[in-house]
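J.: coords below, sequence missing:
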């Protein structure tokens with residue numbers, strides 16, 4: 001029996017999310033991540049031919065989400081940026097609205113959720129094993 005690590009499981013889950021948003025329908029397509037990304041890029045280019053790109057501003061509360069969102073934008077050939085004096089929590093991107101609404105943002109949310117789940121499990125395990133066995137939240141008391 002081959003055991004997989006939580007990180008391997010996360011990587012496979014991320015590949016499946018990518019394949020889902022790229023329109024993959026077979027296992028062979030899921031294994032061809034480069035081809036899937038290429039299909040999404042072609043769809044983005046097609047949308048750019050019929051729609052004017054819009055500038056969308058996103059507020060992402062932590063460093064990890066900003067890095068994930070920026071990497072996802074770059075994967076599809078988009079250039080994330082922010083204007084001078086904008087908060088570091090802000091990421092701006094120009095793309096067809098349909099691509100942002102139907103592909104970029106939903107894919108970001110699914111990947112973010114998968115990473116959150118993985119990081120929460122890893123954090124709980126490390127606290128339990130290395131700090132103290134009870135890592136539950138502190139209970140409330142009447143004031």
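T.: That came in fine, so what should we check first? These figures come from a predicted structure and were not determined experimentally.
J.: Which of the residues in the host helix or strand of residue 119 are classified as buried?
T.: Element membership of residue 119, judged by DSSP states H and E, is helix 105-126. Within helix 105-126, the residues that count as buried by 16 or more other C-beta atoms under 10 Å are 107, 108, 110, 111, 112, 114, 115, 118. (Each C-beta comes from the backbone N, C-alpha and C, glycine too.)
J.: Run the chain-centre distance for it.
T.: The chain centre lies 9 Å from the centre of helix 105-126; the measure is C-alpha atoms, centre = their mean, to the nearest Å.
J.: what does stretch 80-88 give?
T.: With C-alpha atoms, centre = their mean as the basis, stretch 80-88 stands 20 Å off its chain's centre.
J.: Likewise for stretch 46-65?
T.: So, by C-alpha atoms, centre = their mean, the centroid of stretch 46-65 is 13 Å from its chain's centroid.
J.: nearest to residue 54, of the buried residues of helix 105-126?
T.: Distance from residue 54 was checked for each of the buried residues of helix 105-126 by C-beta to C-beta. The minimum falls on residue 108, at 16.7 Å.
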